[in-house]
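Visitor: predicted structure and sequence below. I'll ask about it afterward.
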Amino acid sequence: KKYKGYGFGDTSQKVIYLTFDEGYENGYTESILNTLKANDVQAAFFVTRPYVTGSYNGVPDSELLKRMSNEGHIIANHSVNHKSMPKFTDENAFNAELTGVEEAVNNIPGCRMSKYFRPPEGTFSELSLYYTQKLGYKSVFFSLAYLDYNVDDQPDPEEAKAKLLKNTRNGMICLLHAVSKTNVVILDSLIKEWKSQGYEFKTLDNLPS
């Protein structure tokens, strides 16, 4: 609370804040965006600089970032190099990990970095939280995540969906990795199930102050 860090949002309401981490493009973001659009859900995408400046099958990732922006999603910060932030005790080195991504996103026409930062690995120190806040960012962690990021060992879709639904809570910030084939398979039915249970989707801009 002291450093504007969030693990949950509004726990008094049946609200879900859906977020995706984007370390690199694995060919699934377009499908994720299609599913979000079909279900009228806005999400946040936490991107690294290699993602922002990268490409997949010859198509620049910047085209996906433009689409995120055009469709009302939040583009947020996941650092330049995806390293544990408490290791950056030098303030200038720490700042460069955030400003490097921010500048890369802001250089894409029509895109703007929102001031939300997800520390890689979920690791933090009081100093790293302080530096983050000093840059005008809110630290956004997560209240629901699962082992979905190993592309060579993807979880069974039905088991993954059951696990996520079982652990759903009011006001949760849900972290899904966009490199996950399983997430692409289950996302549409997962969103529909959440909605059928009475959950509403809000963006990080609606986090309680």
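Guide: Now that the structure is in, tell me what you want to look at. Numbering: from 1, shown residues only.
Visitor: show the pLDDT at the nearest residue to Ser55 once chain neighbours are set aside.
Guide: Spatially, and ignoring its direct neighbours in sequence, Ser55 is nearest to Asp61 (5.9 Å; Cβ to Cβ, 6 or more residues apart in numbering). Any C-beta I mention is one placed from the backbone N, CA and C, and that applies to glycine too. At Asp61, the model reports a pLDDT of 97.
Visitor: same thing with the one 10 residues further on?
Guide: With respect to pLDDT, Glu71 has a value of 98.
Visitor: now it: phi and psi?
Guide: phi -100, psi 10 (degrees, to the nearest 10).
Visitor: go on, Ile173?
Guide: With angles defined as degrees, to the nearest 10, Ile173 sits at phi -100, psi 110.
Visitor: now swap in Asp148 and tell me
Guide: Taking degrees, to the nearest 10 as the convention, Asp148 sits at phi -120, psi 0.
Visitor: what count of nearby residues applies to it?
Guide: Asp148: 22 surrounding residues under other Cβ atoms under 10 Å.
Visitor: what does Gly110 give?
Guide: The burial count for Gly110: 10, using other Cβ under 10 Å.
Visitor: and for the one 10 residues further on?
Guide: By the measure other Cβ under 10 Å, the count of residues near Pro120 is 18.
Visitor: how near is it to Asn77?
Guide: 11 Å (Cβ to Cβ, to the nearest Å).
Visitor: ok, now Asn92?
Guide: In terms of Cβ to Cβ, Asn92 sits 17 Å off from Asn77.
Visitor: now do the contacts for Ile191.
Guide: Shown in contact with Ile191 (Cβ atoms under 8 Å, 6 or more residues apart in numbering): Thr35, Leu36, Asn39, Val41, Phe201.
Visitor: secondary structure class for it?
Guide: Look at Ile191: counting by DSSP: H, G, I helix; E, B strand; the rest coil, its state is helix.
Visitor: was I right about Arg112 contacting Ser69?
Guide: Yes - here Arg112 reaches Ser69: they are 7.0 Å apart, a contact under Cβ atoms under 8 Å.
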